[in-house]
Structure formats: structure tokens, C-alpha cells
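Chemist: Dropping the sequence and predicted coords here.
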Amino acid sequence: MTVDKSWASRLADVAIYLTLSLSALVCIIPFLYIVAGSFATPQELAERGFILFPTQFTLDTYEYVLSTATIPAGLLTSVKLTVVGTAVNLLMTALMAYPLARRDLAGRGWIMYMVVFAMLFNGGMIPTYIVVKEAGLLNSMWSLILPGAISAFNMIVMKNFFQQLPEGLEESAKIDGCNDLSILFRIVVPLSMPVIATLALFYGVGHWNSYFSAILYMNDAEQWPVQVWLRQIVILSVGGFSESTESLESVPPPAETIKMAVIVVSTVPMLLVYPFLQKYFAKGALLGSVKG
């Protein structure tokens, strides 16, 4: 059975679609400009200024950015950091969120108070550096993972999601002889894939884009993630990018095209991962945030 809409309702639908379309264009066009500019020749970029589709494609900028051995090594380091760091984050977050989701936990209110306090306040950069140094984590990948192993906000989202699961499932599992860890990993986690996938995306993007912590804690340049190397390329692009062990003989592309190529290189890997998690993203973010 179809219901005829009034003219006012139809006009409202048109206005909504136009607003959403304009908002999408505002978000998409700048990125299309960055991608097109990274493939355009310097002459075309200088003449046309704003382009969405270059007439002459060139890969010179990408060859320049990816021509050194440090970039592939940095990409491998970033992949390792993202995979290992995200796994640690999800494990630690789940281990903390599950007991806090149980209303019979003694001292639950005080623990949540401290979690919220830690979400709003922290010790600062220098105390954190001293803690990392005294723990012997400098020049180690763990210095980029362990200090932020649990995000207070993400933990609260996961806790709220766990609270919405039927309590009868846990009671049945206990009758069958399962302990708390078995209930968490055999029942709760499989039923919580939407929120786990959502937080995996949050944590993964954070690790992939991280560069400041690596600058603070990693003195060995060979262990730098790709974001640090890309940052170095952008900083040194005016005078030409060179390394202590090798240098580029060709004339470097203009700094503007180098910046565009760097943005594309650092963004595309996460864009390739997102479609696999997209179906869980909206559901997990919504269900994990509607109840406390």
C-alpha cells in the first residue's frame, strides 16, 4: 500500500537530498583535487590552479616519494604497528569493559569515575616520556602502543554495548561450567562484532596516522613509521629530499605536488580497509553509545 505524499513533504525531501548532496560534494571535491593534483604535471597545476581531472598524467611525484628504501620500510613498520597495536588495544579494552559492564562489580562507580577523570586529564608529555623511558620502552614499537593501550572513550562505548547483551546468556554459560574469560571470548565477543569492528577502525586509524609519538620515543630512524618519513619529505621538499645513505639524482618535483602525493599515500591504505568494516561501523557506534 502506497501513501501519496503532500507537496510540503516532497519539498522537504528535495531539500534534504540537496543538502546531503552538497555536503557530500564539499567533502569529496577537495580530496578529488588532491588526487588529481598528485597525478598532474607541474606545468598544468600551475596553469590551471584547480583541477579535478588532469589532461596529462604523470607518476613522477610518486616515483620521487617512493624512490627511497625508507618509504617501503616505513610502510612495513606502520602496518606492523597498526595490526599489533589494534590487537592489543581491542584485547585490553575488552578485558576492562567486560567487568565494568556487570552491575554487580564492587566499586564499579568509583572505577568509572577514575576512567572519566583520565579521559579529561592526563599527566602531560614530559611525565609520559619519563614513564616510557623508565619502563625501558624507548626505541621500541611498544612505546607507541602501551601508553595508549586503552582509550577511555572507546572503553565506555564497548562497555555500553556489552551491557545491552541479554544476561541470560551469561547465566546459561555459567551453568554449563564456563568461567568469566570463557564467557567473554566465546559468547560476548562473537556477539559484539559491530562494536569491535568500529573500535578496530578507530584504533587502527589512530596508529596509522601516528607520527608525533614516534618522533618522541624512536631515536632510531630505521624504526620510524611511514608517517614520519612522509613528514620529512614534506619538510625537506623545498630543498630536495635526501638521506644520509642515499640521495636522489633527479630534480625533485614542486613542493605542492609532493604534499598532494604524500596525502594520497597516507590515506589510501585506510580507505581500502574501511569498506570491509563499513557495515559494522554505524551499528556499532550507535548501539555502543545510547545507554550508560
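Modeler: Sure thing, it's come through.
Chemist: CA only for contacts and neighbour counts going forward, please
Modeler: Will do.
Chemist: so what's residue 25 up against?
Modeler: By Cα atoms under 8 Å, 6 or more residues apart in numbering, the contact list for residue 25 is empty.
Chemist: let's see it at 10 Å
Modeler: Shown in contact with residue 25 (Cα atoms under 10 Å, 6 or more residues apart in numbering): 19, 31, 32.
Chemist: and the gap between it and residue 33?
Modeler: Here residue 25 is placed at a distance of 12 Å from residue 33 (Cα to Cα, to the nearest Å).
Chemist: Equivalent analysis for residue 172, please.
Modeler: Counting by Cα to Cα, the separation of residue 172 from residue 33 is 56 Å.
Chemist: Surely residue 90 and residue 145 touch.
Modeler: No. Counting by Cα atoms under 10 Å, residue 145 is not a contact partner of residue 90; they are 11.6 Å apart.
Chemist: So those two - more neighbours on which side?
Modeler: Each of residue 90 and residue 145 had its neighbours counted (other Cα atoms under 10 Å), and the higher figure belongs to residue 90 (22 against 19).
Chemist: And that one, which helix or strand is it part of?
Modeler: For residue 90, the element it lies in under DSSP states H and E is helix 70-100.
Chemist: Mind giving me the packing neighbours of that helix?
Modeler: Helix 70-100 makes packing contacts with helix 108-120, helix 152-163, helix 180-183, helix 193-209, helix 226-236, helix 255-287 when contacts are defined by 3 or more Cα pairs under 10 Å, 6 or more residues apart in numbering; DSSP states H and E.
Chemist: give me every residue that touches the residue nearest the centre of the chain.
Modeler: Within the chain, the residue whose C-alpha comes closest to the C-alpha centroid is residue 205; the distance, by Cα atoms, centre = their mean, is 1.1 Å. With contacts defined as Cα under 10 Å, 6+ apart, the neighbours of residue 205 are 82, 86, 199, 267, 269, 270, 273, 274.
Chemist: Let's see that with 7 Å instead.
Modeler: residue 270 (Cα atoms under 7 Å, 6 or more residues apart in numbering).
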